[in-house]
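[1] make a model of this:
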Amino acid sequence: MAEAVILEAVRTPFGRRGGALRETRPDSLLALALRGVVDRAGLDPARVEDVVNGTVTQAGEQGANPGRLGVLLAGFPVTTAGVSLNRMCGSSQQAFHFAAQAVAAGDMDYAIGSGVESMTRTPMFLDVSLGREGLNAFNALNPELFRRHELIHQGESAERIADRWGFSRQDVDEFSKESHRRAAAAQAGGWNAEILPVPGVAPDASAMTLSKDEGVRAVLDEAKMASLKPAFRPEGKGVVTAGNSSQISDGASAVLVANADVAKADGLRARARFRARVVVGSDPMLQLTGVIEASRIALKKAGLTLRDMDWVEVNEAFAVVPMVWARELGASLDRLNPWGGAIAHGHPLGATGAGLMAKMLAGLEKTGGTFGLQTMCIGHGQATATIVERLG
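    This is a model prediction of the structure:
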């Protein structure tokens, strides 16, 4: 079996909804990421055999297979194929898993796992609401699902996690402020080497500079943050607010995967190898806790322990997700989301997974680390996890 390695990984800045990327179509954002990842690696795009793309809301400007459309817009030859998938928040992490599996199986030598989501131009749930304003997405689901499972909003799942594990409003707000502090430090240090410039947006922009909504401004003012109302439960009865949840965002990302031997023969440098790729199903009611078991399985597959991990990315869909992950695994927060997470830099759904991998590789290289773990919670109760080993 061939060894799949990562040659390059990039992301655009993640801009807040209605922010700096509001005028950029999602297929154009994806094209930018696809072109950027091959250009940085020094690979002729004609060598890329397939682009696997993750997009959650495949409707409107994100419909009609954005993976293939992004390939054409990027100027790749028409011989490069493209496909789009939806594993909700884990979509582009799954995309680079599929790319790596195709390479490992010997089906192709070069493939890209990518993701794109413009939550400004293609609002979340547009695919199930069919464009009808105000239609509750749950109304489009099969009623039989609700007889079999307690399906609830992710925000309510976050509240139930806070209840069960005893996380207070102060706990989640403090975690969120630290996410912003870390992201701001990375931006100030110019460490986010994974970010591609976007025309009309400053090349060194991080999500922090693009995110100016109420929840973010509140971080700079503790009284303001404390005054934010719970978003999913009546005031005073919940802990989840705009300030301790991921930001609705726009962005794109891409991970270039190759056959290690072929890439070496072509004179290309591998940045990392895969040590584990995992997907699990989990309780659809507590749907955010799958990251715990996914991480355990990934570590076992890799033959490593959490102590071996130099960098960990747990997607900050809500502050309680990395908090419960750390509590259950007994993990130190020092190596968890060292440059901040989605609370600070945003969560453009389908683009986040490959974007976190790009950030983690940049972080491992910056700090001289070797092993990295990335994991993401997924709606309806799933999770993805990846362990990589940085190569010198």
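
[2] quick check: end-to-end length of stretch 366-379?
    32 Å (CA to CA, to the nearest Å).

[3] buried sites along it?
    Residues Lys366, Gly369, Thr370, Phe371, Gly372, Leu373, Gln374, Thr375, Met376, Cys377, Ile378, Gly379 are the ones in stretch 366-379 that count as buried (16 or more other CB atoms under 10 Å). Heads up, the C-betas are built off the backbone N, CA and C, glycines and all.

[4] before we move on, what about stretch 44-60?
    Applying 16+ other CB under 10 Å to stretch 44-60 flags 45, 47-59 as buried.

[5] same check, this time on stretch 261-269
    Within stretch 261-269, the residues scored as buried using 16+ other CB under 10 Å are Val262, Ala263, Asp266, Leu268.

[6] the first one touches Gly106, doesn't it?
    No: under the contact definition of CB atoms under 8 Å, Val262 does not touch Gly106, with a separation of 10.5 Å.

[7] narrow the buried residues of stretch 366-379 to those in helices?
    Using DSSP state H, the members of these that fall within helices are Lys366.

[8] now render the buried residues of stretch 261-269 as TSV, adding distance to Met285 and secondary structure.
    Below are those laid out as TSV (distance: CB to CB, whole Å; DSSP: H, G, I helix; E, B strand; the rest coil):
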residue	distance to Met285	secondary structure
Val262	45	helix
Ala263	44	helix
Asp266	49	coil
Leu268	46	coil
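
[9] can you put those residues in JSON lines and add distance to Ala242?
    Below are the buried residues of stretch 261-269 laid out as JSON lines (distance: CB to CB, whole Å):
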{"residue": "Val262", "distance to Ala242": "47"}
{"residue": "Ala263", "distance to Ala242": "44"}
{"residue": "Asp266", "distance to Ala242": "47"}
{"residue": "Leu268", "distance to Ala242": "43"}
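
[10] tabulate those residues in CSV, adding columns for distance to Leu29 and pLDDT.
    Output for those, formatted as CSV (distance: CB to CB, whole Å; pLDDT from 0 to 100):
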residue, distance to Leu29, pLDDT
Val262, 29, 98
Ala263, 26, 98
Asp266, 28, 98
Leu268, 25, 98
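
[11] where's Asn259 relative to Glu3, distance?
    7 Å (CB to CB, to the nearest Å).

[12] okay, these two: which has more neighbours?
    Asn259 (20 against 15; other CB atoms under 10 Å).

[13] mind listing what that one touches?
    Counting by CB atoms under 8 Å, 6 or more residues apart in numbering, Asn259 makes contact with Ala2, Glu3, Ala4, Val5, Val103, Gly106, Met108, Asp109, Tyr110.

[14] repeat that for Arg269.
    Leu7, Ala263, Leu391.

[15] which single one of those residues is nearest to Ser84?
    Leu7 (22.1 Å; CB to CB).

[16] quick one, strands of the stretch 151-300 of the chain?
    249-259, 272-281 (DSSP state E, counting those that start in this stretch).

[17] quick check: buried residues in the last one?
    Using 16+ other CB under 10 Å as the test for burial, strand 272-281 gives Ala272, Arg273, Phe274, Arg275, Ala276, Arg277, Val278, Val279, Val280.

[18] could I get these as CSV with pLDDT and distance to His347?
    CSV is the format used below for the buried residues of strand 272-281 (pLDDT from 0 to 100; distance: CB to CB, whole Å):
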residue, pLDDT, distance to His347
Ala272, 98, 23
Arg273, 98, 27
Phe274, 98, 24
Arg275, 98, 25
Ala276, 98, 23
Arg277, 98, 21
Val278, 98, 20
Val279, 98, 19
Val280, 98, 20
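
[19] could I get those as CSV with distance to Gly18?
    Below are those laid out as CSV (distance: CB to CB, whole Å):
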residue, distance to Gly18
Ala272, 35
Arg273, 40
Phe274, 37
Arg275, 39
Ala276, 38
Arg277, 35
Val278, 35
Val279, 33
Val280, 35
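
[20] look up how far Ala302 lies from Asp308.
    Applying CB to CB to Asp308 and Ala302 gives a distance of 8 Å.

[21] those two: who's more crowded?
    Set Asp308 next to Ala302 and count neighbours by other CB under 10 Å: Ala302 wins out with 22 against 15.

[22] was I right about that one contacting Ile387?
    Yes: contact criterion CB under 8 Å: Ala302 and Ile387 qualify, at 4.5 Å.

[23] hey, what's in contact with both of these two?
    Shared contacts of Ala302 and Ile387, counting by CB under 8 Å, 6+ apart, come down to Arg275, Ala276, Phe371.

[24] give me every residue that touches Gly155.
    Contact partners of Gly155, counting by CB under 8 Å, 6+ apart, are Ala231, Phe232, Val240, Ser245, Phe318.

[25] between the contacts of Arg269, which is nearest His345?
    Relative to His345, the closest of the contacts of Arg269 is Leu7; by CB to CB it sits at 23.8 Å.

[26] burial measure for Asn139, as a count.
    Neighbours around Asn139, by other CB under 10 Å: 10.

[27] what pLDDT does it get?
    Note on Asn139: pLDDT of 82.

[28] please apply the same query to Pro234.
    Predicted confidence (pLDDT) for Pro234: 85.

[29] would you map the helices across the stretch 1-150 of the chain?
    Assigned by DSSP state H, counting those that start in this stretch, the stretch 1-150 of the chain shows helices spanning 26-41, 66-73, 91-104, 126-129, 143-148.

[30] which residues of the stretch 151-300 of the chain fall in helices?
    154-165, 169-189, 207-210, 214-219, 222-227, 260-265, 290-302.
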